[in-house]
Every structure is written in C-alpha cells, then in structure tokens.
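# dropping a prediction and its sequence here:
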Amino acid sequence: MSPNEVGSIKLFSPIKIRELTLPNRIVLSPLCMYSATDGIANDWHFAHLSAFARGRVGVIFTEATAVEARGRITPHCIGIWNDAQAEALRPIVRFIEEMGSVPAMQLAHAGRKASTQKPWMGGKPLTDENCVDGEVPWPVVGPSANSVGQGWPTPHALDVDEIAGIVKSFVDAAVRARDVGFKIIELHAAHGYLIHSFLSPLANQRTDAYGGDLQNRMRFALEVADAVRAVWPQELPLFCRLSAIDGPPDGWTIEDSVVLSRELATRGVDVIDCSSGGIAGAPRFRVSDSGKPMNTIMDRGPGFQVPLAEQVRQQAEIKTMAVGVIINPHQAEQILQSGQADLVAMGRELMYNPFWPLHAAQALGADADYNMWPDQYRWAVHRRAQLADYAGIQDKPEVS
Ligand SMILES: Cc1cc2nc3c(=O)[nH]c(=O)nc-3n(C[C@H](O)[C@H](O)[C@H](O)COP(=O)(O)O)c2cc1C
C-alpha cells in the first residue's frame, strides 16, 4: 500500500518502538485457546495465529504463555518453560514474520487463578471431582494464603526464595522467546494473575518487603520487569499489561497504575496495555436493568477501557495500548487520532473476523485497490469486486 492511499489514517500508519517498526497500529490481544498438550502449541495454534497474519494484523500476540507448569490457567494452556514448547512456536513465528506482521509473546503466571477448567467446561477451579481427560488439579501459589473467592483454592504464600525462582522463570522464558524469534514480550500483570495479585491490596496481605505500601506491592512486578529487560534485546520493545483498576474503591486504582507505569518506563518498559479487573475471579457477563452489558467493575460498552489508556498515557508519559470492545474502524481510528492510545488491541472482534484490518482499510478508504491483501488473494479479491460491481451486489464488508 502506498503512503498516498494511507493518507492521514493512523490505524494503518507504522510506528517505531525502539528499533522495531510495527507495520500498523492493530494488535491481536492475547487469547487463550485452551488447546495445548503439555504446554506445547500445535496445529490449532498455527491455524489460529496465522489467520491474523493473513489478515494483516500488525502485532500478533500469543495467548498467555506460562513461565512454569503451575502458572498455567488450565492444563491446556501453552507454556515456554522448556525447549520443546519453544520450538513448537518457531513455525508460527516464522509465518507471522513472512507475512510482515510482528510476532509477540505474552508471558504469564496464573498464580492463585491457576488450575482451572476450560471456559467451555465451566471455567471453575479444578477439583478431583470435576476434572476430565486426565486433568489433575495442582496446588496454586500467590502472595498470601487467601483465595480468589468462594470455591477457589487457598494458595500457598510464596516465600522470598520462591519469588526469586519465579522471577528467574520469567527470565528463562524471555530468553527462549528471544531465541525462537519473538520481537515483543508482554508481561501479564493483569486479570488477577500472579503479578497483579502482588500489586492489589485486595489479594496481597504480606507484611514483608513484597507487601504493605504501594512501593512494596510493586516490588515483584518491578523485579520481573528489570530481570526480563536485562535479557530482552535493547532494540526490541517490552510491553506490560495492567489491570489499570481493580474496581472496588479499596483495590488497585488508576492512580496506582500511573505510578507503576512511570516506574516501569524507567526500567525500559515501552508500552502499557490497559485492561482492568479480574482480581476477584472472571468478570461475569451480565446485563443491567437498563439493558447495558456490565460486569462487576463498570459498564462494558464500546471502548470502555480506553479512558484508562488515555490517563496512563497522559500522566505517566508512556505509550499505551487500548483494549476492550473496540469493534468499528472509525472508533479505532478515533482512539488513535485523539491521542488516547498509540495502539489498539482487539480480541473477540478479530476472532469474529480475522480479516478485520483488510476490511477496515476498505471502510476507511485506505486500500481502494486491495493492495494490502496478500499476493495469493489480491488478484482474485479484486476480480470478485469487479464481478460484484457488474452484478450490482454490495460487496463491501459490514464493518462500518
Ligand atoms: C477467549 C479469550 C481468551 C483470552 N485470553 C487472554 C490471555 O491469554 N491473556 C490476556 O491478557 N487476556 C486474555 N483475554 C482478554 C483479551 O485479551 C481482551 O483483553 C479482552 O477480550 C477485551 O478485548 P475485546 O473486547 O477486543 O475482546 C482473553 C479473552 C478472550 C475472549
């Protein structure tokens, strides 16, 4: 696509972060597939992630990738704590790069929210009674011996040596990710998982150097960031996903996120990915009396977390990624044009339509001649448009 076609459209403008140029601002948000065996990615993961590369998504994140076995959300989540797991990802990385997109990995430890069923099997903590197909529940860990809530297991409170061991697992995982060719690492510090549970006063009740005041609760997150940055190439970006707010007034706040983001920036984190919630379990979808989709935190309307990305961007002076019910190309473009975020991440909309970027380019008038499409498709899609035009059929995708 020539610069003339893109014009002033930000969604399709490249952005350079450190020495890496992202081809556009559209990011596949990490999406657990619950489809691996022994943490090893398989054909499903290739088919899943390669679709977004064919659709010209700029940055393609793996699902939450566990840094150790007990850090998986379910027994079917992928991991990168051994070489076989890393090698299984190599063809995916290669294909994403061949398509001109950027392969990115979200590194995660599920902490006290580990050892659960797949969502479509109920998503509840595994027990000896509810497990199927050889699933076996395992002991979970956290900052303190308090559970997510009723029905959740009580975690083992990590001691200082064990914390250091998990920091080392993040480092080893980052090295493996680097060696198979990933270009961005995102630290998962959101959704109630291990790093978030250290940050939030709702989960962290420690009285040592890792608990108590904000500085102490941030210690584990900052140690992970420091340690990963030390092995992650200087020319490549490091992202961090935060739950920018917990929700309850006595929980983690947006002001805390601004403080943490500033600290992370000084440690070489380049982008804050602003999500929210999850400290007290999965946000249950419900509809308010007025018919609005809600969770326990806030109205979940279009772009509901964008103001969080905007506030962090302005007050912590760091690049941000907005995520959450970003669906419409004009909406996505507006978020970028108004300076609320530097990147837009999308999950469910891209699952619904992996070719969303190509369709969005049509809707925004950025690619009239289908030049963005892969060679293998372009000529035929162009012919399709001519045939549709001849037949008087409206052929444009319904994305606007
Ligand atoms: C099936 C599914 C799996 C998800 N897996 C992850 C994950 O591995 N890591 C993560 O940080 N968020 C995960 N999320 C949250 C998404 O990345 C995203 O933040 C959320 O879906 C909101 O964006 P959306 O409205 O565009 O879907 C998942 C969401 C869905 C629907």
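Alright, I've got the coordinates. These numbers come from a predicted model, not from an experiment.
# so stretch 35-43, near the ligand or not?
No. Using CB under 6 Å from any ligand atom, stretch 35-43 stays clear of the ligand, coming no nearer than 11.0 Å. C-beta here means a position set from N, CA and C on the backbone, and glycine is covered the same way.
# in that stretch, what's buried?
Buried residues in stretch 35-43, counted by 16 or more other CB atoms under 10 Å: 35-36, 39-41.
# same list, those, but as CSV with distance to N24, pLDDT and secondary structure please.
Shown next, in CSV, are the buried residues of stretch 35-43 (distance: CB to CB, whole Å; pLDDT from 0 to 100; DSSP: H, G, I helix; E, B strand; the rest coil):
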residue, distance to N24, pLDDT, secondary structure
S35, 28, 98, coil
A36, 29, 98, coil
G39, 31, 98, coil
I40, 31, 98, strand
A41, 25, 98, coil
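# what is the nearest of those to K10?
Nearest to K10 out of the buried residues of stretch 35-43 is A41 (CB to CB; 32.4 Å).
# so what's Q85 up against?
38-41, 78-79, 176 (CB atoms under 8 Å, 6 or more residues apart in numbering).
# can you check A230 too?
Applying CB under 8 Å, 6+ apart to A230 gives the contacts V171.
# quick check: next helix or strand after the helix or strand hosting Q215?
Under the criterion of DSSP states H and E, Q215 resides in helix 214-231. Of the helices and strands lying after helix 214-231 in sequence (DSSP H and E), the nearest is strand 238-243.
# and that following strand, what does it pack against?
With contacts taken as 3 or more CB pairs under 8 Å, 6 or more residues apart in numbering; DSSP states H and E, strand 238-243 sits against strand 184-189, helix 214-231, helix 254-266, strand 271-275.
# and stretch 109-126, does that touch the ligand?
No. Residues of stretch 109-126 are not located near the ligand by CB under 6 Å from any ligand atom, the shortest gap being 7.0 Å.
# for that stretch, buried residues please.
Judged by neighbour count (16+ other CB under 10 Å), stretch 109-126 contains these buried residues: 109-118, 121, 125-126.
# now stretch 133-150
Residues of stretch 133-150 classed as buried: 135, 137, 140-144, 146-148 (neighbour count, 16+ other CB under 10 Å).
# got the residues of the stretch 151-300 of the chain near the ligand?
Residues of the stretch 151-300 of the chain lying near the ligand (CB under 6 Å from any ligand atom): 188, 190-191, 241, 275.
# circling back to that earlier point, need the buried residues of stretch 109-126 in JSON lines with secondary structure and pLDDT, can you?
Shown next, in JSON lines, are the buried residues of stretch 109-126 (DSSP: H, G, I helix; E, B strand; the rest coil; pLDDT from 0 to 100):
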{"residue": "H109", "secondary structure": "coil", "pLDDT": "98"}
{"residue": "A110", "secondary structure": "coil", "pLDDT": "98"}
{"residue": "G111", "secondary structure": "helix", "pLDDT": "98"}
{"residue": "R112", "secondary structure": "helix", "pLDDT": "98"}
{"residue": "K113", "secondary structure": "helix", "pLDDT": "98"}
{"residue": "A114", "secondary structure": "coil", "pLDDT": "98"}
{"residue": "S115", "secondary structure": "coil", "pLDDT": "97"}
{"residue": "T116", "secondary structure": "strand", "pLDDT": "97"}
{"residue": "Q117", "secondary structure": "coil", "pLDDT": "95"}
{"residue": "K118", "secondary structure": "coil", "pLDDT": "95"}
{"residue": "M121", "secondary structure": "helix", "pLDDT": "93"}
{"residue": "P125", "secondary structure": "strand", "pLDDT": "96"}
{"residue": "L126", "secondary structure": "coil", "pLDDT": "96"}
